[in-house]
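> Predicted model follows, preceded by the sequence.
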Amino acid sequence: MHIESIAISDKKGTPKTPVESAWLIRDHGISGDAHAGTWHRQVSFLSAESIEKAREKGLDVSFGNFAENIATSGIDWPSQPLGTKVQIGETALVEITQIGKKCHKKCAIFKLSGDCIMPREGVFARVLKGGKIRCDDKIRIL
């Protein structure tokens, strides 16, 4: 289980741009990302396998297109219970706070890709312990 992609954006409801590394900030989220703040959805996760399934359905999508912060390999995010703690890299620690989300309108992501899988397959977390994260970092479910 590891990080395939890290992505950030400066506006909510838009695709994110992949980066090689980022800083997770305790009780805030990813430095420079629009979704960071003092709330329960500071960081979003989506499996690379979910993104690949969308591609297999004919959608022209890549990492960051579903506005996920962290895309991972080897984790079925929706099956993880609320409250699950997840270690990312050497030091960062997050806690799952929400599985899926309600989309109230067809956002830029839906218009770009023709579907948005985050409401069904995305998971959100708050940062318990910060640290630098990088693509290929190991992830451990605690």
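Looks like it came in fine.
> CA atoms for contacts and neighbours, from now on please.
Noted.
> Kindly state the beta-bridge partners for the nearest residue to Lys138 once chain neighbours are set aside.
Closest residue in space to Lys138, ignoring its immediate chain neighbours: His2 at 4.3 Å, by CA to CA, 6 or more residues apart in numbering. With DSSP bridges as the criterion, His2 is bridged to Ser73, Lys138.
> Would you confirm that His2 contacts Asp136?
Yes. Contact criterion CA atoms under 8 Å: His2 and Asp136 qualify, at 5.5 Å.
> Please report how far the residue nearest to Lys138 lies from Leu59.
Note on His2: its distance to Leu59, by CA to CA, to the nearest Å, is 24 Å.
> Lys129 now?
To Leu59, Lys129 is 35 Å away according to CA to CA.
> Then Gly131?
Gly131 is 34 Å from Leu59, where distance means CA to CA.
> quick one, which residue of this structure lies the farthest from its center?
Distance from the C-alpha centroid of the chain, by CA atoms, centre = their mean, peaks at Gly58 (21.9 Å).
> gap between that one and Ala71?
19 Å.
> Lowest average confidence across helices and strands of this protein, where is it?
Taking mean pLDDT, DSSP states H and E as the measure, helix 108-113 is the helix or strand of the chain with the lowest mean score, a mean of 61.
> Give the residue spans of this structure that score low on pLDDT.
For the chain, the stretches flagged by pLDDT under 70 are 102-117, 119.
> that older thread, comparing His2 and Leu59, which shows the higher neighbour count?
Remark: of His2 and Leu59, His2 carries more neighbours, 19 against 15, as counted by other CA atoms under 10 Å.
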